[in-house]
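Peer 1: Sequence and predicted structure, then a few things I'm wondering about:
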Amino acid sequence: MSKTSLTLLLFIFLFTSCQESSTKNASGTIAAKVGGNVNRITLGEEQISVNEEGSFIIKQALDFSTILRLNVDGEDYEIFLQPGSTVELNITADSISFLGDLVQENQHLVSDRRINKEVDKYLSDNWYTLHRKAEDDFIHIIDSIRGVYLSSLEQRKADLGNALSDDFVKVNRASVEYSFDRLLIRYPEWHHRFTGQKVAPNSEVMKKLEYSIDRPEFLSLETYKKCANTWLGLKMREQRVDEKDQSIYLGQMQTQSALSFVAQQFRNPALKDYWSFQFIQDHLEQYTWINGNKFLQDFISNCQTDRICEQAKALEAELLAARKGHEIQVYKSEKGLQLEAHIFKPEPFDSNSSYPALAAFHGGGWMAGHADWTFGSAKHAAENGMIGIAVEYRLSNRADITPVEAMEDTRDAIRWIRTHSKSLSIDKNRIVGKGLSAGGHLISSISVLQEEEGEESSVPNALVLVSPAIDTQEGYFKSLLQEGTDASGLSALENLQSGQQIPPTLILQGRTDRVTPTSFAEQFKQKMDSLNYDCQLKVYENCGHIFTPSHLDDTGMPMPDPEISKLAFEEQVMFLKERNFIR
């Protein structure tokens, strides 16, 4: 289970130890009627299902008042909700109106949308210029914008008098403060990126946040969580870990340090549990179950907050369930960090036979993702008489792991399959490397930038690339590399030349892909053709990255169109049959 999907289980946590008064075991309700041509509604990150009558009801467990984010077809709205209240909404494609409880409070949030749009546009248009300014000038501008929101709130309060609750004023003011304080403490990061000059985070703001983040009544605020997460990240950079112990990978040392810091920083047990659990989830996201289960199990044993304990147990159960039904082997260990191959076999399976294999490498921008993202590809291979292998590789962390290390893992995985082909019942001359997005970069680049060491080759016998990341000159990719690393030296496109043994290649691409544009797949195909290498490119219309429908945003988590995905699998089978990999 990913960290994002886990947080969807529960938006608001129940806090039992807090200096503020609260309503225990309460909930707030959002009841909405939806009219007009509305395609997609989300609350936070969770997509909302609208029933046949065009309505939905959501009950939120919460102890404290909060502001939630509702998105209607790309338009953001903020919803103020109190324990025991019912906020009624009328939603159309271009507007939202309120009935029931908290009408004045929510109308204020709607009126502030104009300010939000103007501020968002100003920051977007001037982001580069603003962050090149001297710190004092930057702070003055940000505090001036902050003042616009606070003045709007005070004016509304003056206009309505007692009609605007003190609770709303407190929560709204806190949300504004956290939002703009986060901009201030992120200034050094962007200033360094745009000027090359290093400055320390503002000490006054950092000190202010040291006290203001220890407020459990604001934990359900998105602005609080983002601000506190950024502040904690900066504090973690100040914590020096002993990197001399070569038996422990850096991520383990960093997580141990983070958990110790959280235990010292937060007085409230619920906050300690929440932030400890966040760091443990981050660790599991980055380094997987086999490398993080002890952190999670120790946390469950010591957790004091019932709802967070339930989340942790649910995560443990889901991660364990994902490991069932197939074989798992460690193919590599690096400083105690174990990398696994998840193996799916055809049925019936004969261990004395020799099967073709497909090794699948997931996407995620080199910094995210798990082998289970490619379980579908591995299972599909098994259904077609192959042994499907979903491969873990090290994820970039802008420290000791970069795409270079991920390429090393990709090579080692293919070598491991060949070295153990007999025990795995694999025909080592019929190994297909499949890569999606960043995984497409990894498997294609090692097939062009061939580094042969030892007895077995690290180059697959065929390639299937789905929305592959071909462009290594893009700024994001370069930001993942160690200083001095030549990005072009990691590119399959730029290093492809005549006289190589390049595997037959199938590229499956969405026409409107905004993450890995189709033009780069076309360039790779043209160069392969010019050098007389075997390459097929299939472009699917009306879809983008990993076959996400064109009308949806394809820059986040892919939402593949089922029909196009089915066609792509059929294309893959045909390609492999024509080249005698499967029968």
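Peer 2: The structure has been received and is ready for your questions. Just so it is clear, the structure is predicted and the values come from calculations on it, not from any experiment. Residues are numbered from 1 along each chain as shown.
Peer 1: For the chain, list the residue farthest from the centre, please.
Peer 2: Here the centre of the chain is the reference, and by Cα atoms, centre = their mean the most remote residue is Gly161, at 43.3 Å.
Peer 1: what sits against that residue?
Peer 2: Counting by Cβ atoms under 8 Å, 6 or more residues apart in numbering, Gly161 makes contact with nothing. Using the backbone N, CA and C atoms, a C-beta is placed for each residue, glycine as well.
Peer 1: And Glu135, by the same measure?
Peer 2: The contact partners of Glu135, taken as Cβ under 8 Å, 6+ apart, are 187, 191, 199, 202.
Peer 1: Could you check the pLDDT of it?
Peer 2: pLDDT, Glu135: 96.
Peer 1: so how far is His192 from it?
Peer 2: In this view, Glu135 and His192 are 12 Å apart by Cβ to Cβ, to the nearest Å.
Peer 1: what ranges do the strands span in the stretch 301-450 of the chain?
Peer 2: Assigned by DSSP state E, counting those that start in this stretch, the strands in the stretch 301-450 of the chain fall at 327-334, 337-344, 355-361, 387-391, 426-436.
Peer 1: In the chain, where's the longest helix?
Peer 2: Longest helix in the chain, counting residues (DSSP state H): helix 269-302.
Peer 1: pLDDT of that one, averaged?
Peer 2: 96.
Peer 1: Report the distance from it to the chain centre.
Peer 2: Put simply, helix 269-302 sits 17 Å off its chain's centre (Cα atoms, centre = their mean, to the nearest Å).
Peer 1: just the buried members of the contacts of Glu135?
Peer 2: Among the contacts of Glu135, those classed as buried by 16 or more other Cβ atoms under 10 Å are 187, 191, 202.
Peer 1: Excluding chain neighbours, what is closest to the first one?
Peer 2: Translated: Tyr187. Nearest residue to Tyr187, sequence neighbours excluded (Cβ to Cβ, 6 or more residues apart in numbering): Phe138, at 5.6 Å.
Peer 1: can you pull the contacts of that neighbour?
Peer 2: By Cβ under 8 Å, 6+ apart, the residues touching Phe138 are 130-131, 184, 187, 191.
Peer 1: what do you get if the cut-off is 10 Å, keeping everything else the same?
Peer 2: Counting by Cβ atoms under 10 Å, 6 or more residues apart in numbering, Phe138 makes contact with 130-132, 183-184, 187, 190-191, 202.
Peer 1: And Ser519, by the same measure?
Peer 2: Contacts of Ser519 by Cβ under 10 Å, 6+ apart are 470-471, 513.
Peer 1: Pairing partners for the helix or strand hosting Tyr77, with directions?
Peer 2: Tyr77 is part of strand 75-81, with elements assigned from DSSP states H and E. Strand 75-81 pairs in its sheet with strand 66-72 (antiparallel), by DSSP bridges.
Peer 1: quick revisit: of the contacts of Phe138, which pair is most distant in space?
Peer 2: Spatially, the most separated pair among these is Arg132 and Asn202, at 16.7 Å (Cβ to Cβ).
Peer 1: in what helix or strand does Leu153 lie?
Peer 2: Residue-wise, Leu153 maps onto helix 135-160 under DSSP H and E.
Peer 1: That helix: what's the following helix or strand?
Peer 2: Next along the chain after helix 135-160, taking DSSP H and E as the criterion, comes helix 166-195.
Peer 1: what's the angle between that next one and strand 75-81?
Peer 2: When axes from the mean of the first three to the mean of the last three Cα atoms, to 10 degrees is applied, the directions of helix 166-195 and strand 75-81 differ by 140 degrees.
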